[in-house]
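# no FASTA, just this:
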């Protein structure tokens with residue numbers, strides 16, 4: 001069982017930056033690919049970024065590529081999402097999630113993710 005707690009959300013002006021953190025419980029954190037997803041009001045949840053257990057492999061949605069960076073510190077059981085050049089359309093609740101296929105590279109499919117955090121709100125004003 002993995003429990004996830006996100007933090008770091010808030011209100012920021014367009015062009016600004018935020019760093020989200022997600023702390024995981026458990027001693028096997030490094031074996032789980034970790035993903036970030038987001039859900040804007042009135043829209044379905046969508047994939048943002050994923051990182052493999054070792055951190056060697058990452059993948060991004062086109063909408064955030066070049067602006068967001070996913071990283072992890074396995075010694076701290078933490079995954080991060082550095083968000084730069086934020087746009088109003090990035091406004092959403094951001095969720096971190098653990099892919100149940102341990103030792104894989106991770107997936108963009110939210111159905112693959114067994115464990116989810118409670119979410120953190122990011123609001124970007126224009």
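Good, I have the coordinates. What you see is a predicted model, and the numbers here were worked out from it, not measured in a lab.

# check which helix or strand residue 38 maps to.
strand 34-39 (DSSP states H and E).

# just checking, what packs against that strand?
Strand 34-39 makes packing contacts with strand 18-24, strand 46-51, strand 68-73, strand 78-83, strand 92-99 when contacts are defined by 3 or more Cβ pairs under 8 Å, 6 or more residues apart in numbering; DSSP states H and E. Any C-beta I mention is one placed from the backbone N, CA and C, and that applies to glycine too.

# what angle separates that strand from strand 18-24?
Relative orientation of strand 34-39 versus strand 18-24 (axes from the mean of the first three to the mean of the last three Cα atoms, to 10 degrees): 120 degrees.

# and strand 34-39, what's its mean pLDDT?
For strand 34-39, mean pLDDT rounds to 98.

# give me the contact list for it.
Strand 34-39 has contacts (Cβ atoms under 8 Å, 6 or more residues apart in numbering) with 20, 22, 24, 45-51, 70, 72, 79, 81, 90, 92-99, 106-108, 110, 113, 119, 122.
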